[in-house]
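Peer 1: model the structure of this input:
(2 chains, ligands or ions: 1)
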Amino acid sequence: MTAVEEVPLSPAGNPIGFGNMKRVEDQRFVRGQGNYVDDVSLPGMVHGAILRSPFAHARINGIDTSRAEQLPGVLAVITGKVLEGIPRPDLLGDNFAWMPTLSYDTQAVLATDKVRFQGQEVAFVIATDRYIAKDALELIDVDYEPLEPVMDAKRAMEPGAPIIRDDKGQQDNSITDVHGHKDWESGNAIGTAEAIAAAQADPDCVVVTQEVMYPRVHPAPMETCGSVAFLDKVTGQLTLYTTSQAPHAHRTVYAMVAGLPEHKIRVISPDIGGGFGNKVGIYPGYVLSIVGSIVTGKPVKWMEDRNENLTSTSFARDYHMTGTIAATKEGKILAVDVDVLADHGAFNGVAQPTNYPAGFFHIFSGSYDYPNAHCKVTPVYTNKAPGGVAYACSFRITEAVYLIERLVDCLAAELGMDPAELRLKNLLRPEQFPYTSPTGWVYDSGQYENTMRLALEMADYDQLRREQAEKRARGEYMGIGLSFFTEGVGAGPRKDMDILGLGMADGIELRVHPTGKAVLRLSVQSQGQAHETTYAQIVAHELGIPPEDIEVVHGDTDQTPFGLGTYGSRSTPVSGAAAAVVSRKVKDKARQIAAAALECSPDDLEWQLGQWHVKGDPERAKTIQEIALLSHGSLELPDGVEGHLEATTVYNPPNLTYPYGCYVCVVDVDPGTGQVKVRRFIAVDDCGTRINPMVVEGQVHGGIADGIGMALMELIAFDEDGNCLGGSFMDYLLPTSMECPDYELGETVTPSPHHPIGAKGVGESATVGSPPAVVNAVIDAISPFGVRHADMPLTPANVWRAIQGRPVRVDMAVE
Amino acid sequence: MQTPAPTDYVRATSVSHAISLLEEHGEESRILAGGHSLLPMMKLRIARPEMLIDINELDELRGIRVDGDELVLGAMVTHREVLESPVLFEHYAIFRECEKVIADPLVRNRGTVGGSMCQADPSEDLSAVGSALRGSVVIQGASGTRTVPLREFHEGPYETQVEPAEIMTEVRFPIRPGAGSAYEKVERRVGDWPVCSAGVYVVVSDGLVTDCGIGLTAVSAEHFCAPAAEAFLIGKAPTEDNLRSAAQLAADAADPSSDQRGPADYKKHLANELTYRALVRAAAASQGA
Ligand SMILES: Cc1cc2nc3c(=O)[nH]c(=O)nc-3n(C[C@H](O)[C@H](O)[C@H](O)COP(=O)(O)OP(=O)(O)OC[C@H]3O[C@@H](n4cnc5c(N)ncnc54)[C@H](O)[C@@H]3O)c2cc1C
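Peer 2: Next up is the predicted model:
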């Protein structure tokens, strides 16, 4: 079933092309020899620490830093007032106290007028060591005047609610996007409304409406965010070591924000200890480390602690969704309409392409064939931490998939139909691809039914249903949950997609040295995705150079060409394609050189992995290694062919790639305690060609663990006073191996027709696809108690309360 | 990285040395045992002792032994030692059952019985065990030692009878031949503190309960126990009805408040359900089932 053909092995035993290969980067990670930002130590380096607001909403009447400044070892204390005094000669703002967000909003670097969320940056201390810097924070006196905090997105929309963004002259808490819209809509409003109304009037149809909340969660990478900045006053060069998933985009934004010349900025992302979208945006701390270096003339390190990471950096989700689904009584879906209230926190810092203010949420029509879909998304400000699209969500596809997969299960319950049967009835058929969805996406390829049938077969679905019936008769509650998801990943075509005006195409550069070893320079930045392994395999596949002979360079803007970074599962679809294309350019050039050496026409040559040979005469051949040496040697080259063997390219994807999959989750629920045990998890993914199946499996494993975490325990909630209730790992629960079963993975391979090697992104598939499978399983288990829905996380308390008919409200403090 | 406030450190060489150090440095000094409660609080700057007095080298505080009709655990016995102790398991399965669900191996390797008791976290699992078994602690100060029943030990959340210049040296538990014991805990995730736990022992003789103890944690039961439920069971047969009634009385002793681990009504329900489940198993064990 796998698309991985038999490939030759290199002397080191690695596949010269696609196939299982151990991750090269693990050599250093398992030895504890990674090099993370916090490992960076520069001569004369000093340390910064941020004073954060204890209040969610308060006016600042004054800040007294004098006691802190007197503490021995403190070099400087920077406040918003100090930043206001530094003019910024650019289009994005007047001074350094504010910076632009990725969504054309503004965010305070240090609060001047008000604090707008608990944990907001208020002052920055620079000291000779980290401990003194933290000690000094306790000596800063801030005169706060507490204001009523707005912690509930619905409250934020009420007339008379406190105005959060009075700095912008707002009259309410609504968010206006860069196009001037408050609500963002997609799909066919009229057609969808009519179809639902007609279904309501038709006795042969049903209409189901369900409120579904995707609560706020946090990416919580093991490595928190941080940076080491050094502005060399002699050369004018700024070097910034930083936890960034997008070093090039960050450099450009710093050039714009700091007014520094871009060629004098070098952004280095060394090893990154997990990103999940948390390291896409630019945080005040990064900017402050730069300002700190300007002020002190020394390298300044700033590294968050866990609490800071969880309470102030980019969250994910926080979508209040109401979905309505209409179908015939036979189970043919007719229309879906969705209304979303999107909580963006205090500053609209969502990372997403400019023209997509709700990200790719409008892919919510899912994997099913029906003509009418419509959504309206209303974003609001609240007194919560800003950020937005983060946590392996493919730009809100996580929310979209969760919504549709919950709605389909609610519909199945209403119809009394098996949820597998209902899905099979509505899945898109192979002949419909490329398929244009009712909200305008063009799905590239899919064999959905095959994938679903494989998942059902692996699970032995019918047997599971029999077991469930027997157990129910004995008063035992097991549940079987399904999800079928389609993602659109690989942002994106330049004409449609940009972030802050930067098009989402990726550059790449491949250089083959005289001895046939190669260096590939990528714009994207791995945070655990094994780029150093898989990109070498792509080049190996194209050129026949063993992967161990290919060095993959990334994470340093001085060393790599421009590109937008790794998030939204975009690396393989965009930069992976670039790697194939640039290799093909090198291969074409190698053909010219081989022809010159073999004294024949390039047209007479044929490629066989690793060499060009004369058609019909395989003995007359030049290997890629020989050609590399020839290209650097004295061989007379034909007109127009330059020496050396290298190429660059910029890959502009023609479309997104559309990975998909079908997941089955089996749980056991103890109704006496509400505890859920995930017993089995079957995941069949179709991400097209698998470059390294082992790496794909790793991504899927991690994503399912994420999904189990979100479905059962992860949550950033707030109390009425604005306190964040998920500020440590004692409160923000991440799943462990004990909560995760042995995963049962399967695959189908339907290559992307427009990607040079047929690959699709898979980084987020499992994070997107697994939460609805787990939730559907739990709801299925407790459906005999009349439960049709309960919001995540399905903690023991929440499950028990759902059984009692009183589910808890998850986004506020538990009552 | 979390950074604690400035602090000093000294290593005690004997219990009396530790006590004199406590007297010397006064209220702002603290005993450092396993450090798994104290250090996290220091890193969050919730605790900021000026002097840490490390008692990890005091062998006199280690070891598990039988002393007459009592089990004796030194204050520096680790969770792991309790978990793996054959002698404790021989007398009370509750020790192993409870320790299995306390934290994770890293914490259990260093966290101590003394630290757990003296921390007096309202969700401490060992406090439920200690109260259920009617254990007592031995406290030593400059003027000598005293023994305090665990059902009088706690003065409130994080408050115990151990005075600032005193050290807890050991915990003692009466041995009860024929007792069955069990521990039931609901946690949101492995390694998490309990939403609620119930620990019990039951002695059934000639079909009647002759002795029992019921401990509860994380639900604000006074002294982590449920005396009314215990009194109810004495002299009764361990039937489903009787155990259910006792469990209900145990839940009445709980006065939980809502937090992110769960709403109060759920915790109260758990006090009932978990007590019942523990009683069923303990009674069965006592009857040799
Ligand atoms: C991640 C994590 C999960 C946990 N989960 C659980 C759980 O599920 N259930 C549970 O019950 N507990 C749990 N704990 C708590 C753990 O059991 C306690 O941290 C630990 O046992 C306390 O013992 P310690 O030796 O580490 O105490 P320390 O942290 O060293 O000390 C705690 C306090 O007791 C004082 N003290 C210590 N020893 C003495 C003594 N001999 N005399 C006088 N005072 C003394 C100290 O001065 C300090 O104030 C968890 C802890 C962590 C870090």
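Peer 1: could you use CA atoms for every contact and neighbour count after this?
Peer 2: Noted.
Peer 1: what comes into contact with the helix or strand hosting residue A:647?
Peer 2: Under the criterion of DSSP states H and E, residue A:647 resides in strand A:645-651. Contacts with strand A:645-651, where a contact means Cα atoms under 8 Å, 6 or more residues apart in numbering or on different chains, come from A:505-513, A:574-575, A:577-578, A:581-583, A:585-586, A:589-590, A:628, A:631-632.
Peer 1: and stretch A:630-644, by the same measure?
Peer 2: A:512, A:514, A:589, A:592, A:593, A:596, A:597, A:628, A:645.
Peer 1: quickly list what the last one is bridged to.
Peer 2: Counting by DSSP bridges, residue A:645 forms beta bridges with residue A:512.
Peer 1: and the residue in chain B positioned nearest to chain A, what element?
Peer 2: Chain B approaches chain A most closely through residue B:1 (4.6 Å), counting by Cα to the nearest Cα. Using DSSP H and E, residue B:1 maps to neither a helix nor a strand.
Peer 1: got it, and residue B:114?
Peer 2: helix B:113-119.
Peer 1: list the buried ones in that helix?
Peer 2: B:113, B:114, B:115, B:116, B:117, B:118, B:119 (16 or more other Cα atoms under 10 Å in any protein chain shown).
Peer 1: the first one reaches residue B:72, doesn't it?
Peer 2: Translated: residue B:113. No: taking contacts as Cα atoms under 8 Å, residue B:113 lies outside contact range of residue B:72: 11.2 Å.
Peer 1: what's near enough to touch the residue of the stretch 251-400 of chain A found nearest the ligand?
Peer 2: For the stretch 251-400 of chain A and the ligand, the shortest gap (Cα to the nearest ligand atom) falls at residue A:306, measuring 14.1 Å. Residues near residue A:306 by Cα under 8 Å, 6+ apart: A:224, A:727, A:728, B:1, B:2.
Peer 1: now the lengthiest helix in chain A, how far from the centre of its chain.
Peer 2: Counting by DSSP state H, the longest helix found in chain A is helix A:577-598. Centroid separation for helix A:577-598 versus its chain: 34 Å, with Cα atoms, centre = their mean, to the nearest Å.
Peer 1: repeat that for stretch A:259-266.
Peer 2: With Cα atoms, centre = their mean, you get 27 Å for stretch A:259-266.
Peer 1: can I get the CA coordinates of it in PDB?
Peer 2: Taking Å, rounded to 0.1, in the frame of the first residue of the first chain, the C-alpha atoms of stretch A:259-266 are listed here in PDB:
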ATOM      1  CA  GLY A 259      13.700  50.900  11.800                       C
ATOM      2  CA  LEU A 260      16.900  48.900  11.500                       C
ATOM      3  CA  PRO A 261      18.300  48.200   8.000                       C
ATOM      4  CA  GLU A 262      17.400  44.700   7.000                       C
ATOM      5  CA  HIS A 263      20.900  43.800   5.700                       C
ATOM      6  CA  LYS A 264      22.300  44.600   9.200                       C
ATOM      7  CA  ILE A 265      20.000  42.100  10.900                       C
ATOM      8  CA  ARG A 266      20.800  38.500  11.300                       C
END
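Peer 1: give me the buried positions along that stretch.
Peer 2: In stretch A:259-266, counting by 16+ other Cα under 10 Å, buried: A:260, A:262, A:264, A:265, A:266.
Peer 1: on the three-state scheme, residue A:535 is what?
Peer 2: helix (DSSP: H, G, I helix; E, B strand; the rest coil).
Peer 1: skipping adjacent residues, who's closest to residue A:591 in space?
Peer 2: residue A:602 (6.0 Å; Cα to Cα, 6 or more residues apart in numbering or on different chains).
Peer 1: quick one: contacts for the one you found?
Peer 2: A:591, A:592, A:594, A:595.
Peer 1: JSON lines for those, including pLDDT?
Peer 2: Shown next, in JSON lines, are these (pLDDT from 0 to 100):
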{"residue": "A:591", "pLDDT": "98"}
{"residue": "A:592", "pLDDT": "97"}
{"residue": "A:594", "pLDDT": "98"}
{"residue": "A:595", "pLDDT": "97"}
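Peer 1: ok, and which of those residues reach the ligand?
Peer 2: Near the ligand, judged by Cα under 6 Å from any ligand atom, there are no entries from the contacts of residue A:602.
Peer 1: which one of the residues you listed sits closest to the ligand?
Peer 2: Among the contacts of residue A:602, and counting by Cα to the nearest ligand atom, the member closest to the ligand is residue A:591, at 61.1 Å.
Peer 1: rewinding a little: can I get the contacts of stretch A:630-644 in a markdown table with neighbour count?
Peer 2: Below are these laid out as a markdown table (neighbours: other Cα atoms under 10 Å in any protein chain shown):
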| residue | neighbour count |
| --- | --- |
| A:512 | 25 |
| A:514 | 18 |
| A:589 | 22 |
| A:592 | 23 |
| A:593 | 29 |
| A:596 | 17 |
| A:597 | 18 |
| A:628 | 27 |
| A:645 | 25 |
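Peer 1: in TSV: the residues you listed, plus distance to residue B:141.
Peer 2: Output for the contacts of stretch A:630-644, formatted as TSV (distance: Cα to Cα, whole Å):
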residue	distance to residue B:141
A:512	76
A:514	79
A:589	86
A:592	91
A:593	89
A:596	94
A:597	93
A:628	82
A:645	81
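Peer 1: neighbours of whatever residue of the stretch 651-800 of chain A ends up closest to chain B, how many?
Peer 2: Residue nearest to chain B within the stretch 651-800 of chain A: residue A:797 (5.2 Å; Cα to the nearest Cα). Neighbour count of residue A:797, defined by other Cα atoms under 10 Å in any protein chain shown: 29.
Peer 1: mind checking how far the most centrally placed residue in chain A is from residue A:306?
Peer 2: Nearest to the mean C-alpha position of chain A, by Cα atoms, centre = their mean, lies residue A:392 at 3.4 Å. Between residue A:392 and residue A:306 the distance is 19 Å, computed by Cα to Cα, to the nearest Å.
Peer 1: quick one: low-confidence ranges for the chain?
Peer 2: Chain wasn't specified; assuming chain A. A:1-5, A:88-94, A:390 (pLDDT under 70).
Peer 1: hm, I was asking about chain B
Peer 2: B:289.
Peer 1: quick one: the strands in it, in order.
Peer 2: B:8-11, B:29-32, B:51-54, B:64-67, B:70-74, B:136-141, B:144-149, B:154-156, B:159-160, B:167-174, B:179-187, B:194-205, B:208-217 (DSSP state E).
Peer 1: which of these is buried the deepest?
Peer 2: strand B:194-205 (a mean of 28; mean count of other Cα atoms under 10 Å in any protein chain shown).
Peer 1: what's the angle from that one to strand B:208-217?
Peer 2: When axes from the mean of the first three to the mean of the last three Cα atoms, to 10 degrees is applied, the directions of strand B:194-205 and strand B:208-217 differ by 170 degrees.
Peer 1: what packs against strand B:194-205?
Peer 2: helix B:93-100, helix B:125-132, strand B:179-187, strand B:208-217, helix B:264-286 (3 or more Cα pairs under 8 Å, 6 or more residues apart in numbering or on different chains; DSSP states H and E).
Peer 1: nice, that's everything, thank you.
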